[in-house]
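1. Starting from these lines, generate the structure:
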Amino acid sequence: MKDPKDLVTAVSDLRDCGYNYEFSIKDKQLFSDDLSMTFEMDEFIIDKAYSFNEYQEPINERLFAITLTKEKTKGYLVDAYGAIEAADSNEIHIKFNVMNINHVHPIDDEETKYGLPRVKKALFNEEPDRYTFRMGFPDFPPCPFGNKFEALGWDKEDKHYVWLASSIIKDNRLVRELYKK
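-> Next comes the predicted model:
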């Protein structure tokens, strides 16, 4: 796989190479919704890792190509919101602190990200109460990876979803909303 220009292309390329399962970190383990299974850190290897930079933002998206060593099953993990960094586990930090990450600097539309209006830190600083960070809401727009978004920014004034820069997500002023049934 050649170096992709952005995260969407990279996930698509990995799927074309047989990395068909999406993984996440759950309870200090690698988890697959598709397989309904969890895996310990020693049960998989990281074949390749990429990081993606937005303009004037620190690295905020990482992609890992993963192979389960016993099953020889391949998949990927997208870390777009710093879940790995936030995990309370040295084992996770060590496993995913990959030194040979390919850094990709995409040429992207300044105004949008994955079809959503992009909100950068400067705009957020003008009206921090205008935005919230919604998690688990059923009305999220379709994900370009063919999966579902787990969390997105919400513009309370214009009443639509937005893509928040990672520096905003880490900002203590951003209100988080967990969907309640």
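
2. I'd like the distance from the top helix by length along the chain to the chain centre, please.
-> What stands out as the longest helix in the chain, according to DSSP state H, is helix 7-16. Distance of helix 7-16 from its chain centroid, counting by Cα atoms, centre = their mean, to the nearest Å, is 13 Å.

3. List the buried residues of whichever helix or strand comes after that helix.
-> Moving toward the C-terminus from helix 7-16, the next helix or strand (DSSP states H and E) is strand 21-26. Residues 21-23, 25 are the ones in strand 21-26 that count as buried (16 or more other Cβ atoms under 10 Å). Bear in mind the C-beta positions are built from the backbone N, C-alpha and C, glycine included.

4. Okay, now the sheet partners of strand 21-26, with direction.
-> Sheet pairing for strand 21-26, assigned by DSSP bridges, gives strand 29-32 (antiparallel), strand 74-79 (parallel).

5. thinking again about what came up before, closest to residue 115 out of the buried residues of strand 21-26?
-> The shortest gap between residue 115 and any of these belongs to residue 22, at 19.2 Å (Cβ to Cβ).

6. Report pLDDT for the closest one.
-> Note on residue 22: pLDDT of 93.

7. Helices of the chain, residue ranges please.
-> Under DSSP H, the chain gives helices at 7-16, 83-86, 90-96, 121-126, 166-169.

8. Just give me the residue closest to the centre of the protein.
-> residue 80 (2.2 Å; Cα atoms, centre = their mean).

9. ok, back up a step: how about a markdown table for the helices of the chain, with mean neighbour count and distance to residue 135 added?
-> Output for the helices of the chain, formatted as a markdown table (neighbours: other Cβ atoms under 10 Å; distance: least, Cβ to Cβ, whole Å):
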| stretch | mean neighbour count | distance to residue 135 |
| --- | --- | --- |
| helix 7-16 | 18 | 20 |
| helix 83-86 | 14 | 12 |
| helix 90-96 | 15 | 20 |
| helix 121-126 | 13 | 18 |
| helix 166-169 | 18 | 11 |
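
10. Return the member of the ones you listed having the minimum mean pLDDT.
-> helix 83-86 (a mean of 74).

11. Packing partners of that one?
-> Judged by 3 or more Cβ pairs under 8 Å, 6 or more residues apart in numbering; DSSP states H and E, helix 83-86 is in contact with strand 21-26, helix 90-96.
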